[in-house]
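Engineer: kindly generate the corresponding structure for this input.
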Amino acid sequence: MRYPIFLVFVFCLLSGCDNRSQNIALGTLERDRIAHTATVSEVVVALPVMPGTQVSKGTLLVKLDDTLQKAQVAKAQAEVAEAKANLDKLRNGARKEEVAAARGRVAGAKATLVEREANYERSINLVKRKLVSRAELDKTRAARDSSRASLQTAHEQLLKLTNGTREEDLRIAEARLKAVLASLASGQKKLADLTIVATRDGILDDLPWNLGERVTQGSPLAIVLAGKAPFARVYVPEPYRVKIKVGDKLVVRVDGLKKPVVGQLRWIATEPAFTPYYALNQQERSRLMYLAEVQLPNSEAHLPNGVPAQVELP
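Structural biologist: I've put the predicted structure just below:
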């Protein structure tokens with residue numbers, strides 16, 4: 001009778017050890033990986049920071065040749081200045097000197113018309129007296145009609161200056177100014193993108209391109225591992241998923257550290273690592289895993305990526 005009891009006792013011990021092993025989520029230490037990519041194909045002209053250096057937000061990482069883009073921005077600035085001047089000109093209207101000149105042209109056209117009308121009347125009398133030919137009469141008539149047209153044109157030009165700018169022309173000038181301002185903003189943004197700066201505090205992990213190389217558009221220029229301290233990316237067994245939530249304090253054991261570290265659960269997946277069938281039994285469901293991230297405190301900033309870690313689950 002003692003042997004069956006002993007076997008039951010051993011089975012209970014093994015079952016207890018197995019249960020204790022299940023409340024451990026296994027994974028590794030990681031950091032957010034930020035890849036700064038090239039927006040254009042240009043030559044690398046500066047690499048002021050070496051890989052492995054701790055960088056802060058705003059630190060210059062890579063600088064690309066900006067000669068061409070600076071010329072584009074200068075051109076856009078000139079177009080903006082031109083559009084602003086044209087809009088101001090339309091809003092201010094004609095200058096006093098221009099209006100005076102237009103009035104002078106009207107007065108001159110009137111004087112010319114008076115003279116040519118008199119010549120025409122004189123030609124009529126001379127034709128009646130048969131002192132000039134009909135051709136001469138036609139010539140003076142044409143000169144008179146031309147003077148009338150010139151007077152009308154001068155008068156319309158004067159009205160154009162005195163009546164002010166049309167509303168449609170103002171809207172066209174305003175739209176033109178908005179277009180060139182947008183073009184300038186786009187050019188300035190492209191110019192700024194040629195200077196790669198860190199967007200978060202972290203560690204500069206890699207610089208894929210060498211000084212003097214022409215990068216390809218869309219390729220990574222600098223890889224930054226963001227954050228002061230890493231987080232433990234672990235897989236939580238399905239039975240423990242409902243027992244933890246974002247913000248919970250969890251104990252993290254890191255290989256190489258004698259003392260455990262208390263971390264905070266910052267994220268956990270709402271779906272398991274793979275899509276299960278609806279017919280999974282209880283034993284199969286227990287194999288489902290939920291990816292989670294437990295943030296370590298800033299005091300552990302020295303820990304590198306990839307180190308195995310274990311998180312104790314409640």
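
Engineer: pretty sure residue 306 sits against residue 28.
Structural biologist: Yes: with contacts counted by C-beta atoms under 8 Å, residue 306 reaches residue 28, the gap being 5.5 Å. Quick note: C-beta positions are derived from backbone N, CA and C, even for glycine.

Engineer: these two: which has the busier surroundings?
Structural biologist: Neighbour tally, residue 306 and residue 28, criterion other C-beta atoms under 10 Å: the higher count belongs to residue 28, 15 against 10.

Engineer: residue 255 against residue 307, yeah?
Structural biologist: Yes: applying C-beta under 8 Å, one finds residue 255 in contact with residue 307, separated by 5.6 Å.

Engineer: more neighbours: which of the two?
Structural biologist: Counting neighbours by other C-beta under 10 Å for residue 255 and for residue 307 shows that residue 307 has the greater number, 15 against 10.

Engineer: report the contact partners of the more buried one.
Structural biologist: Listed by C-beta atoms under 8 Å, 6 or more residues apart in numbering, the contact partners of residue 307 are 28, 29, 254, 255, 256.

Engineer: for the third one, name its beta-bridge partners.
Structural biologist: It refers to residue 254. Per DSSP bridges, the residues bridged to residue 254 are residue 309.

Engineer: and the helix or strand residue 221 falls within, what does it pack onto?
Structural biologist: When secondary structure is defined by DSSP states H and E, residue 221 falls within strand 220-237. The elements that strand 220-237 packs onto, with contact taken as 3 or more C-beta pairs under 8 Å, 6 or more residues apart in numbering; DSSP states H and E, are strand 24-37, strand 60-64, strand 202-206, strand 261-268, strand 289-295, strand 308-312.

Engineer: thinking again about what came up before, redo the contacts of residue 307 as a markdown table? Include pLDDT.
Structural biologist: A markdown table is the format used below for the contacts of residue 307 (pLDDT from 0 to 100):
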| residue | pLDDT |
| --- | --- |
| 28 | 94 |
| 29 | 94 |
| 254 | 95 |
| 255 | 93 |
| 256 | 91 |
